[in-house]
Each structure stands twice: as structure tokens, then as C-alpha cells.
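K.L.:
Return atomic coordinates for the entry below.
(one chain, ligands or ions: 1)
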Amino acid sequence: MDFDTSLEYARKLDRRDELSGFRDRFLIDDPGLIYLDGNSLGRVPKDAVPLMDRLIRHQWGNRLIRAWNDEWMGLSRRIGGKLAGLIGARPDEVIIADSTSVNLFKLIAGALKQRPGRRRIVTDSVNFPSDLYILKAVADLLDPAYELVVLPVDNGFAVSEEALDRAIDDDTALVLLSHVMYKSSYIYDMARITEIAHGRDAMILWDLSHSAGVVPMACHDLGIELAVGSTYKYLNGGPGAPAFLYVREDLQARLDNPISGWFGHRKQFYFDTEFEPASGIDRYLTGTPSVLSLAMIEPGVDLALEAGVEPARAKSLSQSEYLVALWASELAPLGFTLNSPREGARRGSHVSFGHAEGYRIDQAIREERQVISDFRMPDNIRLGIAPLYTTYEELHTAVHALREVVQSGSFRQYSAVIKGVT
Ligand SMILES: *Cc1c(COP(=O)(O)O)cnc(C)c1O
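P.N.:
Prediction:
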């Protein structure tokens with residue numbers, strides 16, 4: 001099909017979309033809302049509604065404390081085991097717990113102790129801020145002698161493999177990187193970088209927050225030691241839903257959880273005064289899980305498994321290509337820049353457009369056109385593609401909204417001062 005910029009063409013692409021049936025599995029009450037922020041907070045899977053009702057009325061309501069033995073004790077592990085299928089892990093390598101930030105703390109501390117004597121920790125300057133804050137905090141806490149190397153961007157979006165290859169040396173204990181960059185959407189070559197780290201016997205910890213469910217990966221087969229990620233973005237787990245963590249099977253017996261709480265104990269209900277870690281992935285639990293939020297993760301994970309990560313990736317790629325093509329003809333002439341890779345293989349599931357007035361433009365399309373994107377400093381308007389529910393028509397409408405608020409100058413009535421959640 002030859003690309004054209006008409007609405008009819010967008011609709012034609014929607015008719016050919018093999019995943020289009022999944023949109024109806026989400027709660028979409030406002031057909032006029034163009035929601036392109038599923039990379040930040042995914043939509044509600046319809047199955048979550050009766051599940052929450054059952055959880056409250058039956059499990060919490062009738063079963064009360066008995067529900068822990070019925071269902072809740074195994075939930076972190078059971079849902080983690082399903083999620084493993086989305087990241088190429090084995091079921092007993094993944095568990096749901098805490099937030100991504102807290103899981104980073106646990107796994108960074110555990111990893112550093114696996115490489116005593118090594119002093120170098122490598123990350124990059126485009127990593128998610130919480131990852132950088134926690135990395136520094138853990139390193140300082142364990143030993144002020146750790147040298148934290150935050151590599152600068154050298155390929156436009158992230159760090160080149162050559163620069164990583166030079167930076168990761170025989171003194172490197174740990175490499176921490178995000179698989180997909182939250183601003184630019186750039187995807188690191190996970191296999192190649194893991195191989196570089198392993199060549200120096202450094203451990204690697206991948207943050208999969210922006211790739212789980214939309215970019216295929218093979219954590220176990222690549223021999224990746226550690227990973228963490230978010231469930232409320234492309235996995236549609238709900239606001240503040242607990243995160244996941246992955247620890248390669250063979251490491252679980254020796255990699256400690258520094259926040260050793262009673263849920264990670266081998267015999268939790270013996271109430272021993274000495275800590276003895278559970279065998280396996282359970283040892284990375286800490287305290288009582290937020291059951292209501294935890295349970296809500298399952299419907300989204302089930303949908304992602306049913307659709308399959310490969311088909312989701314194929315659609316996401318086709319939609320981001322479409323968006324980039326629309327940018328070139330409709331937005332570039334108005335001063336928007338493409339702040340994401342042009343090469344599909346290096347682009348995740350969102351596209352960032354740069355504009356000096358980005359924050360005001362983002363507010364204008366939200367207020368005037370019901371188009372929800374988001375804004376990331378200094379100038380990125382991010383359009384998130386959630387392949388299970390985003391349509392080509394929505395992308396078409398969003399691009400025209402961006403165009404029109406700039407052409408009419410209506411964005412000028414909004415404040416340029418950053419407020420609240422962007
Ligand atoms: C969203 C995101 C987080 C969020 O961490 P929380 O602790 O769940 O708030 C962390 N890292 C990356 C790369 C993210 O995209």
C-alpha cells in the first residue's frame with residue numbers, strides 16, 4: 001500500500017489490522033478520547049472489572065483471612081510466572097513485588113555483592129532518573145569507593161556499543177541499562193550488550209519498564225542475570241500496580257535480597273527470630289503484597305500473552321512507521337523534530353516529537369482536541385502506541401491536532417510552567 005496522509009488511508013490500515021479485536025477487550029467509555037499515553041498508564045482491561053468485584057465481595061468480603069491460603073499467598077509468584085512468558089524467562093525466574101525502584105535497590109545491592117573487589121558500575125545518562133538515583137544511593141551505602149560511570153550519549157539517543165565496550169572493563173561489577181529509553185524510545189541491542197558485559201564477567205541488570213509486552217526478548221536464553229520492570233505501562237496493570245523482577249534461576253540460591261522481610265523467609269509462619277531465605281524466587285519478596293493491585297495485573301498479562309509479543313511488536317512497528325511518515329509530511333514543516341530513531345529496529349513503542357513549545361502544545365491538544373500524549377523535558381511530546389488498543393485513525397487525528405494547535409497559535413494560551421504530572 002502506498003502511504004498517503006488521508007483519514008481514509010488510516011481507516012484502511014485499521015481494517016487490515018489483525019490485532020484490532022483486542023481494542024474491544026478494554027474499557028473504552030469515551031469514544032472521542034484519543035489516548036496515546038499507554039506507555040505511562042495503560043488502559044483498563046474489561047476483565048479487571050468483574051475480577052475486582054469478585055476480589056472484594058468473595059475473597060476479601062466472605063473469605064477474609066482465609067483468602068490468603070485460598071489464593072493470595074501464591075499470587076505474586078503465579079502472576080510472575082505468567083509474565084515470564086512475555087520476557088523470555090522461565091516461570092520460576094519472575095515474581096511480582098514492590099515498585100520498580102525498590103526492586104532496583106534489591107537487585108543492585110544483591111548484584112554488587114556477587115562481585116566483591118570490583119569497583120566500577122556502568123550506566124548511561126539517559127536512563128530513567130529513579131534508576132540513577134537508586135544506583136548511586138546503593139553504591140554509596142555499600143561502599144563509597146564504588147566508581148559510578150554514567151556514560152554520555154554518543155549516538156544521538158544513547159550510548160554506542162563501542163563506547164560501552166570501552167567502558168565495561170575487568171573492574172566492572174555491574175551494568176545497569178534501560179532496554180528502551182523513556183524519552184527517545186531508542187532500543188539497546190540487548191543481546192550484544194549483554195555479551196559485552198559477560199565478556200568481562202560483569203553482571204547485567206536490564207530495566208524492561210518500556211519494553212515488556214511490546215518488544216520480544218529472551219532473558220533466560222541470553223543468560224541475563226537480572227531484570228526489573230513496570231506493570232502499569234504496556235502491561236495495563238493499573239495505577240501504581242506492583243512491579244516485576246527477574247533473577248536467573250542458578251543465581252537465586254546465592255544472590256541475597258538486602259530487604260529480607262518475612263515474606264522472603266523459608267518458613268514464614270514459624271516466626272523464627274533468625275532470617276533464613278526461601279529457596280527460589282520467593283526470597284525476593286519482602287512484606288505483605290498489595291493484593292488488590294497485584295491481582296489486577298493478571299488480566300493485562302493474559303491479554304498480552306493471548307496477543308503474543310511478536311504480533312504486538314509487528315503492529316507497534318507498523319504504527320510507529322506510519323507516525324514517522326506523517327511527521328515528515330505534516331509536522332516537520334511546522335518545526336517539529338523527530339526525537340526518536342528513524343530506524344524501526346532501534347525504535348520502541350512510542351515516538352517523541354520535539355518542539356520548543358512542546359509543553360504548551362501538549363496541553364493544547366489535551367484541552368482542545370481530547371488527545372492525550374505526554375511531555376518529557378526539555379521538549380519531547382511523546383505519543384505512546386499500545387498495539388492492543390491504539391488505532392491508526394487515532395494516530396492520524398493526533399497528528400492533525402498537533403498541526404492545528406500550532407497553525408492557529410492556540411497553544412499560546414497555556415502556561416509554560418511545568419505543573420503536576422506531565
Ligand atoms: C516507569 C519507569 C520506572 C518507574 O519506577 P516506579 O518505581 O514503579 O515508579 C522505573 N524505570 C523505568 C525505566 C521506567 O520507565
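
K.L.:
Counting neighbours, which bits of the helix or strand harbouring I196 end up buried?
P.N.:
Here I196, judged by DSSP states H and E, is contained in helix 190-199. Of all the residues in helix 190-199, those buried under the rule 16 or more other C-beta atoms under 10 Å are 190, 193-194, 196-198. All C-beta spots, glycine's among them, are computed from the backbone N, C-alpha and C.

K.L.:
Kindly report the same for stretch 215-229.
P.N.:
Buried residues in stretch 215-229, defined by neighbour count with 16+ other C-beta under 10 Å: 215-217, 219-220, 222, 224-229.

K.L.:
Go through the residues you listed and say which is closest to L331.
P.N.:
The closest of these to L331 turns out to be V215 (C-beta to C-beta; 25.0 Å).

K.L.:
Need the buried residues of stretch 215-229 in a markdown table (columns: distance to N39, secondary structure and pLDDT).
P.N.:
What follows is those, written out as a markdown table (distance: C-beta to C-beta, whole Å; DSSP: H, G, I helix; E, B strand; the rest coil; pLDDT from 0 to 100):
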| residue | distance to N39 | secondary structure | pLDDT |
| --- | --- | --- | --- |
| V215 | 12 | coil | 98 |
| P216 | 17 | coil | 98 |
| M217 | 17 | coil | 98 |
| C219 | 21 | coil | 98 |
| H220 | 25 | coil | 98 |
| L222 | 24 | coil | 98 |
| I224 | 23 | coil | 98 |
| E225 | 26 | coil | 98 |
| L226 | 23 | strand | 99 |
| A227 | 18 | strand | 99 |
| V228 | 17 | strand | 99 |
| G229 | 13 | strand | 98 |
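
K.L.:
Let's have those residues in TSV, adding distance to the ligand.
P.N.:
Output for those, formatted as TSV (distance: C-beta to the nearest ligand atom, whole Å):
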residue	distance to the ligand
V215	13
P216	18
M217	15
C219	16
H220	21
L222	19
I224	16
E225	18
L226	14
A227	11
V228	8
G229	8
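
K.L.:
Can you tell me which of the residues you listed lies closest to F263?
P.N.:
Distances from F263 to the buried residues of stretch 215-229, taken by C-beta to C-beta, are shortest for V228, at 17.5 Å.

K.L.:
I'd say the closest one and A243 touch.
P.N.:
Yes: applying C-beta atoms under 8 Å, one finds V228 in contact with A243, separated by 6.2 Å.

K.L.:
what is in contact with these two at once?
P.N.:
Common neighbours of V228 and A243, using C-beta atoms under 8 Å, 6 or more residues apart in numbering, are 100, 103.

K.L.:
Count the neighbours of L142 for me.
P.N.:
Other residues lying near L142 total 14 when counted by other C-beta atoms under 10 Å.

K.L.:
Please name the residues that touch it.
P.N.:
Residues near L142 by C-beta under 8 Å, 6+ apart: 109, 112-113.

K.L.:
Out of those, the closest to the ligand would be?
P.N.:
Nearest to the ligand among these: A109, at 15.7 Å, using C-beta to the nearest ligand atom.

K.L.:
State the distance from that closest one to A167.
P.N.:
Distance, A109 to A167, by C-beta to C-beta, to the nearest Å: 22 Å.

K.L.:
same thing with L292?
P.N.:
On the measure of C-beta to C-beta, L292 and A167 end up 43 Å apart.

K.L.:
Between those two, which has more neighbouring residues?
P.N.:
Higher neighbour count among L292 and A167: A167, with 17 against 14, using other C-beta under 10 Å.

K.L.:
Quick check, that one in contact with P152.
P.N.:
No: applying C-beta under 8 Å as the test, A167 and P152 come out as separate, 10.5 Å apart.

K.L.:
okay, and the common contacts of the two?
P.N.:
Shared contacts of A167 and P152, defined by C-beta under 8 Å, 6+ apart, comprise V159.

K.L.:
quick one: the single nearest residue of the stretch 151-300 of the chain relative to the ligand from L245, how far?
P.N.:
Proximity to the ligand, evaluated over the stretch 151-300 of the chain using C-beta to the nearest ligand atom, is greatest for S209 at 3.3 Å. According to C-beta to C-beta, S209 stands 12 Å off from L245.

K.L.:
what sits in contact with each of those two?
P.N.:
Common neighbours of S209 and L245 (C-beta under 8 Å, 6+ apart) are V228.

K.L.:
how deep is the spatially closest residue to A332 that is not a sequence neighbour tucked in, by neighbour count?
P.N.:
Of all residues not flanking A332 in the chain, L338 sits nearest, at 7.5 Å (C-beta to C-beta, 6 or more residues apart in numbering). Neighbour count for L338, taken as other C-beta under 10 Å: 18.
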